[in-house]
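K.L.:
give me coordinates for this.
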Amino acid sequence: MKTACSLTGHVANFFLIADGSATASQSWEGAPPTYWPVGLAIALLLYTGFEAAPLLFVSGLVAAVLSYHRNIFGWCGIPGVAALYGWYLAAALTPRSRWRNDPEMSTLRDVRRYVIAFLGAEFFSAITGKLTLLGDHLIQPADALKTIAEWWASDAIAILTFTPMLLVFVVPRVDRWFKFPPNHLAASQHRWPSRSEIIEMGAQFGSGVLAIWIVFGLTSAIPYQPLYLLFIPLIWVSVRHGLPGAALSVFAINVGLTLAAWITQAPRGSMPRLQFAMIGLGLAGLCLGAIVSEGKRSEDQLRRRGTICKKHSEWLAWAAGLLTSRPARSRGPRNFTDLFGFDPAFPVPLLAEQERMLSPESWKRLNDEFEETLRTGISV
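P.N.:
The predicted structure is shown next:
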C-alpha cells in the first residue's frame, strides 16, 4: 500500500511537471510541440487499465486550472478533461481485452494495433478538445481546423516518441518493483558492453548530435531543411538494437530537438516545422525496430530448435544402437553416458553389458516408450 501511494504521488508530480514543460517548449521556435502528459497517460492506461483513470482525471484537471487557467466548471474543465482521457481509456482497453496486445510492442502486429488504436483515439480527442475551446469561446470557428491539426500533431508525437520509451524501459521495471519489493530483489546481472560496442554507441550518439546541429546550427543548411539527416542515426540504432534501440533513439531525438530550439532561441518563422517529421520518425522507428526484433527472436528460436533436434537425433541413434545390438554404429549422448560411467567417444557397450545397466522393469518401460514413439511419431 505504501509503495502504491508513493508511486501515485510520483506519477502525479511528473504529470504536472511534464505539462508545464510541454507548455513552455511550445513557445520555442523549431521545437516539436510534444504534449508529454498524453504519452504518460497512455503508458499508465496500458499498464493498469481502468485503475489509472481517476489519477489521470485529477491530474489533468489540476493541470487545466494551473497551467491553462481554465474554469473548472466550464467546457474545458471537468467535462472536457473527462472526455479527452475517455478516448484514450477506450483505446487502451480495446487492445487489452480484444486484441491481447503486448504492452511492450514486441512484434510488428503489436505496433500496428497500437498505432491504429491510439492515433485514431487522438483524432477524436482533438475534435473533442476543439469543441471544448469553442464552447468556452477561446478560439474562433475559423481556427477550428488549424486547432485540430495542431492538437492532433502534438499528442501524436508524444504517442509515437514518449509512450514507447516508457513501455519498453520504465513499465517493466515498475512492474518488477511492484511484484518484488526492493528488499527481495536480487542484484540483476548486467553485461558490460565491449570496447567496440562503446565506440559504436558513441558514434551513433555523435551522428544524432551532428544531424540536430546541422538542422538548427548550420546557417547555410537551414533554408534546405535537411530533416532527412535525422533518419540516419535512427535507422542505424534500430537495425543494431531492434525496438528498444528505436524507442530510445526516437525519444532522444525529440528531446534533442527541443533542447536545440531552447538553446538557439531562433526568431519566429526562421526554423522548419518539425511536427510531421517527428511523426514520420516515430512511425519509421517503431516499425523498423519491431521488424528487427522479430527477426532476432526468430533466429534465436531456430537456433534453439536446431539444438533440440540435434539432441533428439543423438538419443534416437543411441536408442537404436541399444535395441538393435549394433554398437559400432551409435555413440551415446554425453549426459546419459556420463550417468552410466563410460566414455561417449567409444562405441556403445555390448548387449551383455547393456542389460546390466538397467533393471528388467526399466528395460520394459524403455521398450514400451520406444514402440509408442515409433507408432505415433511423437516423442514421449
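
K.L.:
and the helix or strand Trp87 falls within, what does it pack against?
P.N.:
Taking DSSP states H and E as the criterion, Trp87 maps to helix 78-94. On a contact count with 3 or more CB pairs under 8 Å, 6 or more residues apart in numbering; DSSP states H and E, helix 78-94 meets helix 36-48, helix 53-66, helix 108-135. In short, each C-beta sits where N, CA and C put it, glycine included.

K.L.:
residues of it that come out buried?
P.N.:
78, 80-81, 83-89, 91-94 (16 or more other CB atoms under 10 Å).

K.L.:
widest-spaced pair of those residues?
P.N.:
By the measure CB to CB, those have their two most distant members at Ile78 and Thr94, which lie 24.9 Å apart.

K.L.:
list the residues that contact Ile291.
P.N.:
By CB atoms under 8 Å, 6 or more residues apart in numbering, the contact list for Ile291 reads Leu108.

K.L.:
could you pull out the helices for the stretch 201-350 of the chain?
P.N.:
231-264, 275-324, 334-340 (DSSP state H, counting those that start in this stretch).

K.L.:
could I get the buried residues of helix 78-94 as CSV with distance to Leu243 and pLDDT?
P.N.:
Listed next are these as CSV, based on distance: CB to CB, whole Å; pLDDT from 0 to 100:
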residue, distance to Leu243, pLDDT
Ile78, 38, 89
Gly80, 34, 88
Val81, 32, 89
Ala83, 32, 90
Leu84, 28, 89
Tyr85, 27, 87
Gly86, 29, 90
Trp87, 26, 92
Tyr88, 22, 91
Leu89, 25, 89
Ala91, 20, 88
Ala92, 19, 86
Leu93, 23, 82
Thr94, 21, 74
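
K.L.:
can I get the residues you listed in TSV with distance to Gly280?
P.N.:
Shown next, in TSV, are these (distance: CB to CB, whole Å):
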residue	distance to Gly280
Ile78	36
Gly80	30
Val81	30
Ala83	29
Leu84	25
Tyr85	27
Gly86	29
Trp87	23
Tyr88	22
Leu89	27
Ala91	21
Ala92	24
Leu93	28
Thr94	25
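
K.L.:
hmm, back to that, deepest of the helices and strands packed on helix 78-94, which one?
P.N.:
Mean neighbour count (mean count of other CB atoms under 10 Å) peaks for helix 36-48 among the helices and strands packed on helix 78-94, with a mean of 25.

K.L.:
same for that one, what does it pack against?
P.N.:
Under the contact rule (3+ CB pairs under 8 Å, 6+ apart), helix 36-48 is packed against helix 2-25, helix 53-66, helix 78-94, helix 144-161, helix 163-165, helix 171-179.

K.L.:
least confident of these, on average?
P.N.:
Lowest mean pLDDT of the helices and strands packed on helix 36-48: helix 2-25, a mean of 54.

K.L.:
could you check how far Gly289 is from Pro37?
P.N.:
24 Å (CB to CB, to the nearest Å).

K.L.:
again but with Ala64, I slipped
P.N.:
Ala64 sits 11 Å away from Pro37, going by CB to CB.

K.L.:
could you do Ser196 as well?
P.N.:
Distance of Ser196 to Pro37, computed by CB to CB: 40 Å.

K.L.:
please apply the same query to Thr307.
P.N.:
47 Å.

K.L.:
where does the prediction get shaky in this structure?
P.N.:
Along the chain, the model assigns pLDDT under 70 to residues 1-32, 95-104, 178-190, 266-273, 308-358, 366, 370, 373-380.
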